[in-house]
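Novice: predicted model and sequence below, questions to follow.
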Amino acid sequence: MRLQNQVAIITGAGGGIGARIADTLAGAGAHIVVNDVAEAAAEKVAEQVRGHSVQALVSTANITDAEQVQAMVQEVMDGLGRIDILVNNAGITRDGLLVRMDEEEWDVVIDVNLKGAFLCTRAVARPMMKARYGRIINMASVSGVGGNVGQANYSASKGGLIALTKTTAQELAGRSITCNALAPGFIETAMTQEMPEEARQAWLDRIPLKRPGTPEDVAQAVLFLAGPGASYITGQVINIDGGLIM
């Protein structure tokens, strides 16, 4: 129970990797704030989380709206009294070649993936600084490390998130708050399962471990960074990609 009685906010936790992170941190004793605009999905995850005998709050705050983010943080402080962990997991894609990408496809991805993480980080920074403790974990991507054809917007948002991670780590280190980023590669989710078999195999052929990652692979890395064993790690980017871009 390495996270016993700590409180973790996880954005985009209504399914996929976010839901797995929520369950994993709850299994380590943390109380969970399940944030997702899909309320029914978030409620389902919260119910599962409560099976670990921890508390679970549901927040449908739109993380691109500063007022809603601040209200979420205030609700958590009022209800649970503390915020120890923030996992900026929420993210979307609007893939397309650069020359065909319109401004709306660019803006919405940057807003959710990068601005949303900024707003959530800014909102939790004050209570964390007051407590002189915190763990902030940003979900980047290998696309933000090495780029990816057809993902100019997504790659830019995740590359920006990596830069935000490093700056946050520098600014908050004096209050014993760490900030790190994870960069998943080809992770088995509902989205990747819908890919054409030829495209899936092309990805697998590039991965030295010859298998896709799982949400559990990502969740275990989050658990480590959120726990006491990672107290001297900050400003780092950890690729979870089976060796894809080593």
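Specialist: Looks like it arrived, so ask away.
Novice: other SSEs contacting the longest helix along the chain?
Specialist: With secondary structure taken from DSSP state H, the chain has its longest helix at helix 152-172. Applying 3 or more Cβ pairs under 8 Å, 6 or more residues apart in numbering; DSSP states H and E, we find helix 152-172 packed against helix 103-110, helix 116-131, strand 134-139, helix 142-146, strand 177-184. All C-beta atoms are positioned from the backbone trio N, CA, C, and that covers glycine.
Novice: distance to residue 32 added to the ones you listed, as JSON lines?
Specialist: Output for the helices and strands packed on helix 152-172, formatted as JSON lines (distance: least, Cβ to Cβ, whole Å):
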{"stretch": "helix 103-110", "distance to residue 32": "26"}
{"stretch": "helix 116-131", "distance to residue 32": "15"}
{"stretch": "strand 134-139", "distance to residue 32": "14"}
{"stretch": "helix 142-146", "distance to residue 32": "26"}
{"stretch": "strand 177-184", "distance to residue 32": "18"}
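Novice: including distance to residue 37, mean neighbour count and mean pLDDT, could those go into CSV?
Specialist: Listed next are the helices and strands packed on helix 152-172 as CSV, based on distance: least, Cβ to Cβ, whole Å; neighbours: other Cβ atoms under 10 Å; pLDDT from 0 to 100:
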stretch, distance to residue 37, mean neighbour count, mean pLDDT
helix 103-110, 13, 15, 97
helix 116-131, 11, 20, 98
strand 134-139, 17, 26, 98
helix 142-146, 23, 21, 95
strand 177-184, 21, 24, 98
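Novice: figure out which of the ones you listed is closest to residue 245.
Specialist: helix 142-146 (5.0 Å; Cβ to Cβ).
Novice: and for the helix or strand of the chain with the lowest mean pLDDT, what are the contacting residues?
Specialist: Lowest on mean pLDDT, DSSP states H and E among the helices and strands of the chain sits helix 190-193, with a mean of 76. Helix 190-193 is contacted from outside by 15, 16, 93, 186, 200, 212, using Cβ atoms under 8 Å, 6 or more residues apart in numbering.
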